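1. Below is the sequence, then the predicted model.
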Amino acid sequence: MTSPEQPEYAPIPRSAFGPALNDQGYYVGRVERNLYWVTDGVYQSAFLTTRDGVVVFDAPPSIGGNLRRAVDEIASANGVTNRVTHFVYSHHHADHGGAASLFGGDVVRIGHEETKRLLLRDDDPSRPVPEVTFADRYTLEVGGERAELAWHGPNHTPDNIYIHFPGHDTLMFIDVVNAGWVLIYNLNLSEDVIGYMGAPDIAVSYPWTHFISGHLGRLATRDDVAVHQQYIADIEASAREALTAIDPVPFYVAAGENLWAGVKAHLDAVTDRAAAPVIAKYTGVLAAADIEVFTRTTTFQIMQSLRLDRGVTVSGPAVHP
Ligand SMILES: [Zn+2]
């Protein structure tokens, strides 16, 4: 097998990486006290060890059985039970919950009511539906430890929740901020653009020092969230400018009767104009920012949301006279 050819990209700064993985391909580390996080370098999961049992938060299938190994390793080192009694879904996506069925038997599964609805819809045996659901808030108390689960509206998905550990100075909030790395396609494959853009403000309104973002090899900091917020704000400002600055008429005139060719040429021109300065600014700041399609597709999503949700118009009157 020949490996696919790679373009020349800028080197990844060491600060974008986390601790080295062990021989089995995972790293487990203490966040604070008895809260731990696990990574395979790309995905992240977390667990609390308590005197009454272990609470697991997300089970990415890429970590899979290594999550069980990590729990066993820590429980044994700390002399506490390795029995997983509770499992919490951050959201319904299979890439974060697809190993949930590894913790079978008498595990209590907890998730947002929309997570349950979506899991029933998706009908995937690797993601059993949560028995315990909530609408806005749920306090999970196990063995004297506490996690506060909250839903503050749709963002990455309709059901993505905030998991706050008040006794561990930590917030777990998945698939919105990538610590040190640029987002992947389309706002990290997010569904609600306005909700996604506002979510970091909600995240920083909680008290925390450690942030479990669900992806890549290290924990995030408040500075990481601030860089992410600036990146999104820069894209929004740039998209507003490009939308109003570029006259669509010449594109439609050139396309003739093929109206969709006019749409493509116009929107591509707006996207390119809006994304270019952001890609230039963040190359060397966020790892892989020079993979231009990521910022370009994210810019396209935000630009379309500005038009459809916020009512920002291209040049010309907003309402036909
Ligand atoms: Zn997701």
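-> Alright, I've got the coordinates.

2. so what secondary structure elements neighbour whichever strand or helix holds Asn66?
-> Applying DSSP states H and E as the criterion places Asn66 in helix 65-78. Secondary-structure packing of helix 65-78 (3 or more C-beta pairs under 8 Å, 6 or more residues apart in numbering; DSSP states H and E): strand 27-32, strand 35-39, strand 44-50, strand 53-57. Glycine gets a C-beta too; all of them are placed from N, C-alpha and C.

3. Apply 6 Å and report the result again.
-> Helix 65-78 sits against strand 35-39, strand 44-50, with contacts defined as 3 or more C-beta pairs under 6 Å, 6 or more residues apart in numbering; DSSP states H and E.

4. Relative to Thr244, how far out is the closest residue to the ion within the chain?
-> The minimum distance from the chain to the ion, using C-beta to the ion, falls at His93 (3.4 Å). Relative to Thr244, His93 is positioned 35 Å away (criterion: C-beta to C-beta, to the nearest Å).

5. How about Leu119?
-> Using C-beta to C-beta, Leu119 is found at 42 Å from Thr244.

6. what's the offset of stretch 125-139 from the middle of its chain?
-> 19 Å (C-alpha atoms, centre = their mean, to the nearest Å).

7. sorry, back to before: I'd like to know how many residues surround the closest residue to the residue of the chain closest to the ion other than its chain neighbours.
-> Closest residue to His93 apart from its sequence neighbours, by C-beta to C-beta, 6 or more residues apart in numbering: Thr157 at 6.5 Å. Other residues near Thr157 come to 23 when the count uses other C-beta atoms under 10 Å.

8. Same check on Gly29?
-> Using other C-beta under 10 Å, Gly29 has 14 other residues around it.

9. Same check on the one 10 residues further on?
-> Using other C-beta under 10 Å, Thr39 has 29 other residues around it.

10. looking at it, it is touching Val28, isn't it?
-> No: assessed by C-beta atoms under 6 Å, Thr39 is found out of contact with Val28, at 8.2 Å.

11. Next to the ion, which bits of the stretch 51-200 of the chain? Give me the list.
-> Counting by C-beta under 5 Å from the ion, the residues of the stretch 51-200 of the chain lying close to the ion are 93, 175.

12. coming back round to it: of His93 and Thr244, who's got more company?
-> Neighbour count, other C-beta under 10 Å: between His93 and Thr244, His93 has more, with 23 against 15.

13. where's that one relative to Asp175, distance?
-> Counting by C-beta to C-beta - His93 and Asp175 are separated by 7 Å.

14. Over to Gly143?
-> Here Gly143 is placed at a distance of 28 Å from Asp175 (C-beta to C-beta).

15. out of these two, which sits in the busier spot?
-> Asp175 (25 against 17).

16. Just say helix, strand or coil for that one.
-> coil (DSSP: H, G, I helix; E, B strand; the rest coil).

17. Please name the nearest non-neighbouring residue to it.
-> His156 is the one closest to Asp175 (C-beta to C-beta, 6+ apart), at 4.4 Å.

18. Tell me where the chain has helices.
-> Taking DSSP state H, the helices of the chain run over residues 65-78, 94-97, 113-122, 185-189, 193-205, 222-245, 249-255, 259-282, 292-308.

19. highest average neighbour count across the ones you listed?
-> Greatest average neighbour count among the helices of the chain goes to helix 94-97 (a mean of 22), per mean count of other C-beta atoms under 10 Å.
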